[in-house]
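>>> sequence and predicted model, in that order:
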Amino acid sequence: MNILVLGGAGYIASHICLDLIDAGHKVTVFDNLSKGDKKNVFQQSDFFYGDICNIKDLDEVMKKNKFDAIFHFAAFKAVGDSMIAPEIYANNNIIGSINVLNKMVEYKIKYIIFSSTAAVYGEPEYIPIDEQHRLKPENYYGFSKIVIENNIKWYSKLKNIRYAILRYFNAAGYDVKGRISTIEKEVTNLIPVAMEALFGRREYLPVYGDNYPTSDGTCIRDFIHPNDLASAHIKALDYIMTKNEDLLVNLSQNSGTSVFEVIKAIERLTAKKLNYKIVNRRLGDPTTVIASNKLAFEKLQWQPQYSNIDTIIDTTYKVYKNVYGEP
């Protein structure tokens, strides 16, 4: 198949591109490189420099290629930034995605795989979170993803577009075969921030509160490795094509790891001391976020293989060590 990957030079999307190429698909990466890195565009794929907010860019790439499917990763994702500058997220995430859907209709592209987020759920009402959990985001980023999801669902009803909406939890780790060697730009998530502290790129790792009602007082999160996300995306594309029906599932490990457990694992696996500092809680941080992946297993026969915390940390450490040298 001929596939257009929007935001394909980004951290997660680059892993998906590798699996698409391995599966024999022709891949075109479409990216404005504001968050992605050109080093993540592999020789086996084509590259188009463009922005989903620019209709002319979308026209140009779609006129030149007859795409069968679109993988959409071209959304901004920094929670804090979305609360400071919602207009930027409205323009890129919402308006940009509507541009994509309109062009899919115009160029008769039937299939879309959309990268969504656990942020659509907000504070969990029960654990594990399943796909029936109410949607109540606590930040504009999560809200923007719900708007995109809803637009995709309407286009499915009205324009016969088939979709897979995949809600990620805490993606962390790097390609287990070592094929990706670039680190993310402007990291905000726990494990890459911890690596920056370990490698002296920041003074310390902030731990936002140690008085939560958990066994060690720190928040618990459900981590998922990008190689596991990638395999789910391939299965999701096959599902919506062969079944000719839409799909919405969580992609998670179905278990949690606390912040202190992550720190201890980093110190154990690297034999290095990680400098961290207990700071005030962040507003809106839930105590525990663990998701059910039962539906993904039932629909896709998918289970994570690489999402244990040791593999996540080991693959991340190797990439940071390759970039920065010994910590």
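Everything's here; your move.
>>> the helices in the stretch 1-150 of the chain, which residues?
With DSSP state H, counting those that start in this stretch, the ranges of helices along the stretch 1-150 of the chain come out as 11-22, 55-64, 79-84, 86-89, 96-106, 140-159.
>>> who does the helix or strand following the longest one touch, helix- and strand-wise?
Taking DSSP states H and E as the definition, the helix or strand that follows helix 140-159 towards the C-terminus is strand 162-168. Counting contacts by 3 or more C-beta pairs under 8 Å, 6 or more residues apart in numbering; DSSP states H and E, strand 162-168 packs against strand 111-117, helix 140-159, helix 226-243, strand 247-251. Heads up, the C-betas are built off the backbone N, CA and C, glycines and all.
>>> how about those in TSV, adding distance to residue 93 and mean neighbour count?
Output for those, formatted as TSV (distance: least, C-beta to C-beta, whole Å; neighbours: other C-beta atoms under 10 Å):
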stretch	distance to residue 93	mean neighbour count
strand 111-117	11	23
helix 140-159	4	18
helix 226-243	19	21
strand 247-251	18	24
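>>> so which of the ones you listed comes closest to residue 305?
Minimum separation from residue 305 across the helices and strands packed on strand 162-168 (C-beta to C-beta) falls at helix 226-243, 6.1 Å.
>>> state the mean pLDDT of the closest one.
The average pLDDT for helix 226-243 rounds to 98.
>>> tell me the angle of it relative to helix 11-22?
Helix 226-243 and helix 11-22 are oriented at 60 degrees to each other (axes from the mean of the first three to the mean of the last three C-alpha atoms, to 10 degrees).
>>> my guess is residue 208 contacts residue 285. True?
Yes. With contact defined as C-beta atoms under 8 Å, residue 208 counts as touching residue 285 (6.1 Å).
>>> what touches both of those two?
residue 219 (C-beta atoms under 8 Å, 6 or more residues apart in numbering).
>>> what lies in contact with the lowest-mean-pLDDT helix or strand in the chain?
Here the helix or strand of the chain ranked lowest by mean pLDDT, DSSP states H and E is helix 79-84, holding a mean of 88. If you take C-beta under 8 Å, 6+ apart as the criterion, helix 79-84 is touched by 76, 88-89, 119, 139-142, 144, 188.
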